[in-house]
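Participant: Okay, here's the prediction I keep looking at, along with the sequence it came from:
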Amino acid sequence: MMEFTAEMIAGFLGGDVVGNKDAKVHTVSSIEEGKAGSLAYLTNPKYEPFLYTTEASIVLVNRSFTPAQPVAATLIKVDDAGACILKLLEMYNAAKPRRTGISDRASVAEKAQVGAECYIGDFTVVEEGVTIGKGCQIYPQVYLGRGAKVGDNTTLYPGVKVYEGCVVGNNCILHAGAVIGADGFGFMPNPSGGFDKIPQLGNVVIEDDVEIGANTCIDRAKTDSTVIRRGVKLDNLIQIGHNVQIGENTVSSAQTGIAGTSKVGSNCFLAGQVGVADHVTIGDRVKIASKSGIDKNVPDDQVRMGYPALPGLQYHRASAVFKRLPELAQQVRDLEKQLAELKNKQ
């Protein structure tokens, strides 16, 4: 178990220790759940009351912060507590030991290429023609189909499936159960009332620095490639259809579904449960609110909300009216009644 003293942490962050410089921590916690041996952090003023009751050994605070009450924990004052806690988490993660070696219970084809310092866990299957870069972490029960390629320093967590011919770039993280390259949903009605399957002959290309959540599925293209560009972050339980293209540094929350041949630009944000219809083009820097349905193209730098999705301000105006519909409906009925009475008096 790795331990760090307040003095060591302050030195790494360029901070100042207020309290016991020899206080030790071995884990990180939220300030409200802090326990002895943990490092907590205060970045939001509304959590300040927890500072005076937390059991955390060390608390990271902004340099400008002055406690209103006595604090039992050792404080480390820094210029930006939010940025510093991110540095510490990265340091802690980097310090964890990396696994190496190929398990005797893994099946690695003779013609597969595995880079230096890789780890391949139990019951993983690596088929012929697969190329794995250096420093990869391939956890148990991963499947890499014939001709698949995985770049350097990529992590595939347990149960990831990468179908044949698909490409995963450098420094990617694919979480448990992600499926890359299953057939796109392509069927054509036939005269007998059934459906004929349309062959899906393309692949999936995932560029560098992409993270894909657990049980997310990215379908292979009918022809050419389904493409996930550099820096994309996809949450859990997302469905990406065949021939979709997602631009650089776009982020999507859980349960989003993007239908076939749609294009999403770069630096976009799609909140949870967004649905995008097929053959839709979404521009760059677009923000889409949760549960929105996108059935038309969206230009650059737009905000969309609702189902069907409307521009942000228009949606808020419509929503304000919608909330008052029962009252408005009653007013209409009252006015109709008054109008009928006036007509009867004439």
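Facilitator: On my side now, so go ahead.
Participant: In the protein, where is pLDDT below threshold?
Facilitator: For the chain, the stretches flagged by pLDDT under 70 are 1.
Participant: switch the cut-off to 50
Facilitator: Counting by pLDDT under 50, the chain contains no low-confidence residues.
Participant: show me where it has helices.
Facilitator: Counting by DSSP state H, one finds helices in the chain at the ranges 6-13, 48-51, 81-95, 312-323, 325-345.
Participant: Please list all residues in contact with the residue nearest the centre of the chain.
Facilitator: Geometric centre of the chain, nearest residue: residue 235, 3.2 Å, by C-alpha atoms, centre = their mean. Counting by C-beta atoms under 8 Å, 6 or more residues apart in numbering, residue 235 touches 213, 216, 252, 253, 254, 255, 256, 272. All C-beta spots, glycine's among them, are computed from the backbone N, C-alpha and C.
Participant: One more pass at 7 Å, please.
Facilitator: 213, 252, 253, 254 (C-beta atoms under 7 Å, 6 or more residues apart in numbering).
Participant: just those residues now: which is nearest residue 226?
Facilitator: Nearest to residue 226, judged by C-beta to C-beta, of the contacts of residue 235 is residue 252 at 14.5 Å.
Participant: Can you give me the separation between that closest one and residue 240?
Facilitator: According to C-beta to C-beta, to the nearest Å, residue 252 and residue 240 sit 9 Å apart.
Participant: Settle it for me: which of the two has more neighbours?
Facilitator: Neighbour totals were compared for residue 252 and residue 240, and residue 240 leads with 29 against 26 (other C-beta atoms under 10 Å).
Participant: Wait, that one touches residue 218, no?
Facilitator: Yes - the pair residue 240 / residue 218 is scored as a contact, 4.3 Å apart, by C-beta atoms under 7 Å.
Participant: tell me, what's touching these two both at once?
Facilitator: Taking C-beta under 7 Å, 6+ apart as the contact rule, residue 240 and residue 218 both touch residue 226.
Participant: before we move on, the earlier item: for the helices of the chain, give me TSV that also has distance to residue 188 and mean neighbour count.
Facilitator: What follows is the helices of the chain, written out as TSV (distance: least, C-beta to C-beta, whole Å; neighbours: other C-beta atoms under 10 Å):
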stretch	distance to residue 188	mean neighbour count
helix 6-13	60	18
helix 48-51	60	17
helix 81-95	48	14
helix 312-323	37	12
helix 325-345	43	9
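Participant: In CSV, list the ones you listed along with distance to residue 112.
Facilitator: Compiled in CSV, these are given as follows (distance: least, C-beta to C-beta, whole Å):
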stretch, distance to residue 112
helix 6-13, 40
helix 48-51, 52
helix 81-95, 28
helix 312-323, 50
helix 325-345, 62
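Participant: among these, which is nearest residue 28?
Facilitator: Closest of the helices of the chain to residue 28 is helix 81-95, at 6.5 Å (criterion: C-beta to C-beta).
Participant: Now do the closest one against helix 6-13, angle only.
Facilitator: Here helix 81-95 runs at an angle of 100 degrees relative to helix 6-13 (axes from the mean of the first three to the mean of the last three C-alpha atoms, to 10 degrees).
Participant: All further residue positions should be reported with the first residue as 19.
Facilitator: Got it, the first residue is 19 from now on, which makes the last one we talked about helix 99-113.
Participant: May I have helix 99-113 exported as CSV, CA atoms only?
Facilitator: Extracted C-alpha coordinates of helix 99-113, given in CSV (Å, rounded to 0.1, in the frame of the first residue of the first chain):
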residue,chain,number,x,y,z
ALA,A,99,-7.3,22.6,-5.5
GLY,A,100,-9.4,21.2,-8.3
ALA,A,101,-6.4,21.1,-10.7
CYS,A,102,-4.2,19.7,-8.0
ILE,A,103,-6.4,16.8,-7.0
LEU,A,104,-6.5,15.8,-10.7
LYS,A,105,-2.6,15.8,-10.7
LEU,A,106,-2.6,13.6,-7.5
LEU,A,107,-5.1,11.1,-9.0
GLU,A,108,-2.9,10.8,-12.1
MET,A,109,0.2,10.4,-9.9
TYR,A,110,-1.5,7.7,-7.8
ASN,A,111,-2.8,5.9,-10.9
ALA,A,112,0.7,6.0,-12.5
ALA,A,113,2.3,4.6,-9.4
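Participant: Which strands or helices does it pack on?
Facilitator: On a contact count with 3 or more C-beta pairs under 7 Å, 6 or more residues apart in numbering; DSSP states H and E, helix 99-113 meets helix 24-31, strand 45-46, strand 76-80.
Participant: hmm, who's touching it?
Facilitator: Residues from elsewhere that reach helix 99-113 (C-beta under 7 Å, 6+ apart): 20, 27, 30, 31, 46, 59, 60, 61, 78, 79, 80, 96.
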